[in-house]
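Engineer: A structural model of the following input is requested.
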Amino acid sequence: MENTLNKSLYDVEFISVSFSYQDLEVLEDVSLRVKKGEFLAVIGPNGAGKTTLLKLILGLLKPTSGQVLVFGKNINDHPSIRKRIGYVPQMNKIDYSFPINVEDFVLTGRYATIGPGRLPKENDRSAVMETLEKTGLQSLKTKQIGKLSGGQRQRIMIARALINNPDMLILDEPTTAVDPKNSESLYELLLALHQQGITILTVSHDIGVIAQYVDTIACVNRKVFVHDRPENGISDETL
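Structural biologist: Take a look at the predicted model:
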């Protein structure tokens, strides 16, 4: 009965989760619930455990203690859940000198669905075109990714994460190396996706900007100190 309740109400649930890299404790006794359809920004200082939090949700790390439930299940026991999550890593993890255009880059998000050694089908190409239109990139489909602006590069990352129509989108510092105007444009895109029903979790340093778009803020520094509406969660005391 409890798992059914979790599945219906929460897309993510941390239950007394701690995580350590060898002897270094990064997260301590974290309990956090993210409702289905919630737009959450995770904020906190460098080294606070924000990226570790995301990797635990993705199943890339296992908690030292406690439990992480995603869509009501332990993702480490049910790895197929990852197919329902779109992930946008930090931009510095991508080699933009690679000779690939926008259309083919976004298509790489379908490779797990297409299968090894198989060619993309018409429905895969159609999914790319639909995603490019949704993210405002259709006019750039033949452009090499290294020739894009910072804001455009981040949009292709989001497009690649969206191509399989995920139920949840996770982004790690999506506006790094993006100018303020394009940062707001990206948040407008995320807001539009959120309004379509996608659960969104993003790590951000843009506290003043992100507060205009999200439902809730989680302030993390090894522990979760606040998880509340922006107007309640962002205070001089919290900062």
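
Engineer: so which residues of this structure form helices?
Structural biologist: 2-9, 50-58, 102-107, 111-114, 122-134, 150-162, 180-195, 207-210, 230-233 (DSSP state H).

Engineer: of these, which approaches Asp29 most closely?
Structural biologist: helix 50-58 (13.2 Å; Cβ to Cβ). No exception for glycine: its C-beta is placed from N, CA and C like everyone else's.

Engineer: circling back: any chance of JSON lines for the helices of the chain, columns mean pLDDT, mean neighbour count and distance to Arg82?
Structural biologist: Formatted as JSON lines, the helices of the chain follow (pLDDT from 0 to 100; neighbours: other Cβ atoms under 10 Å; distance: least, Cβ to Cβ, whole Å):
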{"stretch": "helix 2-9", "mean pLDDT": "51", "mean neighbour count": "12", "distance to Arg82": "16"}
{"stretch": "helix 50-58", "mean pLDDT": "95", "mean neighbour count": "22", "distance to Arg82": "7"}
{"stretch": "helix 102-107", "mean pLDDT": "94", "mean neighbour count": "22", "distance to Arg82": "19"}
{"stretch": "helix 111-114", "mean pLDDT": "75", "mean neighbour count": "13", "distance to Arg82": "9"}
{"stretch": "helix 122-134", "mean pLDDT": "91", "mean neighbour count": "16", "distance to Arg82": "18"}
{"stretch": "helix 150-162", "mean pLDDT": "92", "mean neighbour count": "22", "distance to Arg82": "12"}
{"stretch": "helix 180-195", "mean pLDDT": "88", "mean neighbour count": "17", "distance to Arg82": "19"}
{"stretch": "helix 207-210", "mean pLDDT": "80", "mean neighbour count": "16", "distance to Arg82": "25"}
{"stretch": "helix 230-233", "mean pLDDT": "75", "mean neighbour count": "15", "distance to Arg82": "29"}
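
Engineer: Phe105 and Ile158 touch, don't they?
Structural biologist: No. Using Cβ atoms under 8 Å, Phe105 is not in contact with Ile158, being 11.8 Å away.

Engineer: which residues touch Ala48?
Structural biologist: 220-222 (Cβ atoms under 8 Å, 6 or more residues apart in numbering).

Engineer: circling back: will you turn the helices of the chain into a markdown table that also has distance to Asp172?
Structural biologist: Formatted as a markdown table, the helices of the chain follow (distance: least, Cβ to Cβ, whole Å):
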| stretch | distance to Asp172 |
| --- | --- |
| helix 2-9 | 25 |
| helix 50-58 | 6 |
| helix 102-107 | 18 |
| helix 111-114 | 20 |
| helix 122-134 | 20 |
| helix 150-162 | 10 |
| helix 180-195 | 13 |
| helix 207-210 | 14 |
| helix 230-233 | 20 |
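
Engineer: can you select the buried ones among the contacts of Ala48 for me in PyMOL?
Structural biologist: Typed into PyMOL, the line below selects the buried ones among the contacts of Ala48, using 16 or more other Cβ atoms under 10 Å:
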select buried, resi 220+221+222
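
Engineer: let me know the closest of the contacts of Ala48 to His194.
Structural biologist: Nearest member of these to His194, counting by Cβ to Cβ, is Val220, at 20.5 Å.
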